[in-house]
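Engineer: Have a look at this fold, sequence not included:
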């Protein structure tokens, strides 16, 4: 839910011309970044939330700075996302939990892991190869119809989010892509669009 609230907050700032985005952020901040509070302190949670909002705004040709917010600690979020200590802690915690399982739980986990490993040889695996092969050389866009499918491909987004479709799609669809915006340029120069 907090990620959806961040999305709504970015849309309110961009499309509703809210006169005081800072006050709106302060008023609803605890709900907007609730998911980060479970892991990080107040300051880091707010920073990560603002970076997420800024990323959403950048997709629409705007930034948090346009509305009086700073995301000066962007580097900290990116550094912490790949924190080796955090990965090691999660692996150890996973092993601790696994050790408490009975035989039935072990069987279920083994089936899930087996299914995931088999999936590695399917179309998603092929997509990943093509994407990684081209990413450093060309512009590659990854889209999927649903959010679940989009989450399976690294860096993917939903079709309606990427192409700015107004939902629900009607017989005469409206798109909100600015002809000279970042997205339009990206679409013009894309060498590959993977549409799952």
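Structural biologist: All right, it came through fine. Remember, it's a predicted structure, so these values are computed and weren't measured experimentally.

Engineer: And the helices in the chain?
Structural biologist: Along the chain, counting by DSSP state H, helices occupy 2-15, 21-32, 34-37, 42-58, 74-81, 84-99, 103-119, 123-135, 147-152, 159-162, 182-189.

Engineer: Count the residues that sit near the closest residue to residue 1 other than its chain neighbours.
Structural biologist: Leaving aside its chain neighbours, residue 1 sits nearest to residue 34 (7.5 Å; criterion: CB to CB, 6 or more residues apart in numbering). For every residue, glycine as well, the C-beta is placed using N, CA and C. Residue 34 has 15 neighbours, counted by other CB atoms under 10 Å.

Engineer: thinking residue 34 is in contact with residue 6, fair?
Structural biologist: No - counting by CB atoms under 8 Å, residue 34 stays clear of residue 6, with 10.4 Å between them.

Engineer: What separation do you get for the residue nearest to residue 1 and residue 45?
Structural biologist: 9 Å (CB to CB, to the nearest Å).

Engineer: Likewise for residue 55?
Structural biologist: According to CB to CB, residue 55 and residue 45 sit 16 Å apart.

Engineer: now swap in residue 101 and tell me
Structural biologist: Counting by CB to CB, the separation of residue 101 from residue 45 is 32 Å.

Engineer: Repeat that for residue 145.
Structural biologist: As judged by CB to CB, residue 145 and residue 45 stand 32 Å apart.

Engineer: When residue 101 and residue 45 are compared, which one has more neighbours?
Structural biologist: Using other CB under 10 Å as the criterion, residue 101 and residue 45 rank with residue 45 on top: 21 against 12.

Engineer: Nearest residue to the more buried one in space, ignoring adjacent ones along the chain?
Structural biologist: Spatially, and ignoring its direct neighbours in sequence, residue 45 is nearest to residue 36 (3.7 Å; CB to CB, 6+ apart).

Engineer: Can you give me the pLDDT of the one you found?
Structural biologist: pLDDT, residue 36: 83.

Engineer: ok, now the one 3 residues further on?
Structural biologist: Residue 39 carries a pLDDT value of 78.
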